[in-house]
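>>> predicted coordinates and the sequence they were generated for:
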Amino acid sequence: MPKTKQTRRKRAGVARARGIPRGPHGGVELLLIQSVDQLGSQGDVVEVKPGYATNYLLPQGLATVATDHHKRMVEKHRAKLVAIEEKRRSGLRALAASIGNLSVTIEANANDEGHLYGSVGAAEISAALKANEINVTTDQVRLEGPLKELGLYTVQVHLGPEIDADLKVWVVPSMADEKKED
């Protein structure tokens, strides 16, 4: 069935029916509650596609509808928001400094040439950091590829916008391999 003007109008009105204001470019205007990478920082009014808004930003609590009332409240509390954001960033910078001074050791099964039978990925590195009481998600560990050989690697940990830390990761043979050689 071909699309008529009436069905297109109904679809275009879906976002309005939910009370979500449209932006000048046809997207949905939202006010960011938290900073979102590649989108904006806390308190910014952004325009995104309706699906991104209704399926991700709004349910995750990262944004809210950009009404005039919300915009006025953000302007009123902008100084508090800046202070809170600066405090959060200073905490992340301190965490980045502690990660930079840390090195983790991960044991893995390897053959005689030093090639791993499996690989070491972000999950293992995240678990090793959690053992050192540093909570980092696997998404924050940035690897160029899985680690497949024994040795020392420098892995980047992305903690926030413009806040990255370099972590030294030692991949060593597991103790079970050394006992088999004896």
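Looks like it arrived, so ask away. Numbers count the residues shown, from 1 in each chain.
>>> drop to CA atoms for contacts and neighbour counts, all remaining ones
OK.
>>> now do the top helix by length along the chain: distance to the chain's middle.
Identified as the longest helix of the chain according to DSSP state H is helix 78-100. Relative to the centre of its chain, helix 78-100 is centred 16 Å away, using Cα atoms, centre = their mean, to the nearest Å.
>>> report all helices and strands that that helix contacts.
Counting contacts by 3 or more Cα pairs under 8 Å, 6 or more residues apart in numbering; DSSP states H and E, helix 78-100 is packed against strand 151-160, strand 163-173.
>>> remind me which residues of the chain are low pLDDT?
1-19, 176-182 (pLDDT under 70).
>>> can I see the domain layout of it?
Annotated domains of the chain cover 5-76, 92-181 [automatic domain parsing].
>>> could I get the ones you listed as JSON lines with mean neighbour count and distance to V82?
Below are these laid out as JSON lines (neighbours: other Cα atoms under 10 Å; distance: least, Cα to Cα, whole Å):
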{"stretch": "domain 5-76", "mean neighbour count": "15", "distance to V82": "9"}
{"stretch": "domain 92-181", "mean neighbour count": "16", "distance to V82": "15"}
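>>> and those domains: which comes nearest A83?
Closest to A83 of these, according to Cα to Cα: domain 5-76, at 11.6 Å.
>>> what's downstream of the longest helix of the chain, the next helix or strand?
strand 103-108 (DSSP states H and E).
>>> note down every partner strand of that following strand and its orientation.
Paired neighbours of strand 103-108 in the sheet (DSSP bridges): strand 163-173 (parallel).
>>> contacts for the partner strand?
Outside strand 163-173, the residues within contact range by Cα atoms under 8 Å, 6 or more residues apart in numbering are 92-93, 96-97, 99-110, 125, 149-159.
>>> next, the angle from it to helix 78-100.
20 degrees (axes from the mean of the first three to the mean of the last three Cα atoms, to 10 degrees).
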